[in-house]
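Colleague: The sequence and its predicted three-dimensional model are supplied below.
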Amino acid sequence: MDLTLPRCRWAATDPMMAAYHDTEWGVPVLDPRALWETLMLEGFQAGLSWQVILRKREAFRAGFAGFDPVRVAAFTEADILRLLADPGIVRSRAKIEATIAGARVFNAMQAAGEDFAQWCWSFTGGRTIRGDGVSTTTPLAEVVSKALKKRGFKFVGPTIVHAWMQAVGMVDDHQAHCFRHRIG
């Protein structure tokens, strides 16, 4: 890992964050399940840093059945208690319950013939849009946030949604000095 490459400031010094930035952040995600997983992880980030979530990501995946929406939607109180006792994840009942509810919303959309990926990407016309590299929310993130809330998703405020849109490549927000600026 070459930490001398010019990166977005948030990823400039930590090797884990640099690796995430270089290989994942801003790369367009078209898989519905992966989009949902990232949205759920972004919800867990609320009040914390992405660095905390990234360090715990594998534990989250283990605890939430690989973020399989069908399995997560079937979680019971026993699963909630199991997750609340898991030091490898963020132990917030509200966020755990929001993830279970989010799985149910995802599954309902799929059952109704609505592809989650197509629905998400419809907000950007199916393409990556250029951000300014500094905003923490945008009018578009507010629109998407409202639409997600209307569907029943939780922990999807405009700031979380904007971070999610950046992470999954819907918005390219690499800063102008970054070596990935304007790269897919």
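Modeller: Sure, I can see it.

Colleague: Pass me the low-pLDDT residue ranges in this structure, would you?
Modeller: Scanning the chain for pLDDT under 70 picks out 1, 183-184.

Colleague: ranges for the strands of it?
Modeller: 129-130, 171-172 (DSSP state E).

Colleague: pretty sure Thr13 contacts Leu3?
Modeller: Yes. Applying CB atoms under 8 Å as the test, Thr13 and Leu3 come out as touching, 6.8 Å apart. Glycine gets a C-beta too; all of them are placed from N, C-alpha and C.

Colleague: follow-up on the earlier one: including mean neighbour count and distance to Phe106, could the strands of the chain go into CSV?
Modeller: Formatted as CSV, the strands of the chain follow (neighbours: other CB atoms under 10 Å; distance: least, CB to CB, whole Å):
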stretch, mean neighbour count, distance to Phe106
strand 129-130, 13, 24
strand 171-172, 22, 21
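
Colleague: of those, which approaches Tyr20 most closely?
Modeller: strand 171-172 (15.7 Å; CB to CB).

Colleague: which helices and strands does the longest helix seen in the chain pack with?
Modeller: What stands out as the longest helix in the chain, according to DSSP state H, is helix 93-111. Here helix 93-111 touches helix 32-45, helix 69-73, helix 77-84, helix 116-121, going by 3 or more CB pairs under 8 Å, 6 or more residues apart in numbering; DSSP states H and E.

Colleague: gap between the first one and the chain center?
Modeller: In other words, helix 32-45. 4 Å (CA atoms, centre = their mean, to the nearest Å).

Colleague: Now do it against helix 93-111: the angle between them, please.
Modeller: Relative orientation of helix 32-45 versus helix 93-111 (axes from the mean of the first three to the mean of the last three CA atoms, to 10 degrees): 160 degrees.

Colleague: export helix 32-45 as CSV, just CAs?
Modeller: What follows is helix 32-45, C-alpha atoms only, in CSV (Å, rounded to 0.1, in the frame of the first residue of the first chain):
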residue,chain,number,x,y,z
PRO,A,32,-29.0,-5.3,-5.0
ARG,A,33,-27.9,-7.3,-2.0
ALA,A,34,-24.6,-5.5,-1.8
LEU,A,35,-26.3,-2.1,-2.0
TRP,A,36,-28.6,-3.1,0.8
GLU,A,37,-25.7,-4.4,2.9
THR,A,38,-23.8,-1.1,2.5
LEU,A,39,-26.9,0.9,3.3
MET,A,40,-27.4,-1.1,6.5
LEU,A,41,-23.7,-0.6,7.5
GLU,A,42,-23.9,3.1,6.8
GLY,A,43,-26.9,3.1,9.2
PHE,A,44,-24.7,1.5,11.9
GLN,A,45,-22.2,4.3,11.3
